[in-house]
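> just the structure for this:
(one chain, ligands or ions: 1)
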Amino acid sequence: MAFKLYEVFGRVDVPIYVKMKEKPKEARHLIRYKAEKDYKYYKCDYCGEEIKIMDNRQEMTGGIDVLPSTLTKTKEIKVALHNKCLKLLLKELEKEKKEQ
Ligand SMILES: [Zn+2]
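Sure thing, here's the model as predicted:
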């Protein structure tokens, strides 16, 4: 399973990362050129890819979800997941539950 529960278990909150804009080639020789923030993103806890944070939640490919304690068998855990990854993860967790 790609998802590692123990990695997110002790986490207080889902970390937010900041993507910096790449320096334009013409500006590389300019010492005073400042790196600019491009966008913020979460890292998907399932596949590790970026989930870009946008003002409009509907346009995002994923977001923060809370896994209920019935699934994690311990406590509620906040995770960052793509919509498609959430489906896959829920399927895996359900499967594990049944196998026990
Ligand atoms: Zn993902």
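
> which bits of this protein sit near the ion?
Counting by C-beta under 5 Å from the ion, the chain comes close to the ion at Cys44, Tyr46, Cys47, His82, Cys85. The C-beta positions use only the backbone N, C-alpha and C, and glycine is treated the same way.

> for those residues, give me a markdown table that also has distance to Arg11, neighbour count and secondary structure.
Shown next, in a markdown table, are the residues of the chain next to the ion (distance: C-beta to C-beta, whole Å; neighbours: other C-beta atoms under 10 Å; DSSP: H, G, I helix; E, B strand; the rest coil):
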| residue | distance to Arg11 | neighbour count | secondary structure |
| --- | --- | --- | --- |
| Cys44 | 14 | 22 | coil |
| Tyr46 | 15 | 22 | coil |
| Cys47 | 17 | 17 | coil |
| His82 | 18 | 21 | strand |
| Cys85 | 17 | 23 | helix |
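
> so how far is the first residue of stretch 57-70 from its last?
The first residue of stretch 57-70 is 27 Å away from its last residue (C-alpha to C-alpha, to the nearest Å).

> tell me the buried residues in that stretch?
Met60, Gly62, Gly63, Asp65, Leu67 (16 or more other C-beta atoms under 10 Å).

> which one of the residues you listed sits closest to the ion?
Set against the ion, the nearest of these by C-beta to the ion is Gly62 (6.4 Å).

> and the closest one, what does it touch?
Going by C-beta atoms under 8 Å, 6 or more residues apart in numbering, Gly62 touches Tyr42, Cys44, Ile51, Ala80, Leu81, His82, Asn83, Lys84, Cys85, Leu86.

> thought the fifth one was touching Cys44?
Read that as Leu81. Yes. Taking C-beta atoms under 8 Å as the definition, Leu81 is a contact partner of Cys44 at 5.7 Å.

> between these two, what contacts are shared?
Ile51, Gly62.

> from Lys97, how far off is Pro68?
Per C-beta to C-beta, to the nearest Å, Pro68 is found 12 Å from Lys97.

> sort out for me which of the contacts of Gly62 are in helices.
Asn83, Lys84, Cys85, Leu86 (DSSP state H).

> type out the PyMOL command that picks the buried ones from those residues.
Provided next is the PyMOL selection string for whichever of those are buried by 16+ other C-beta under 10 Å:
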select buried, resi 85+86
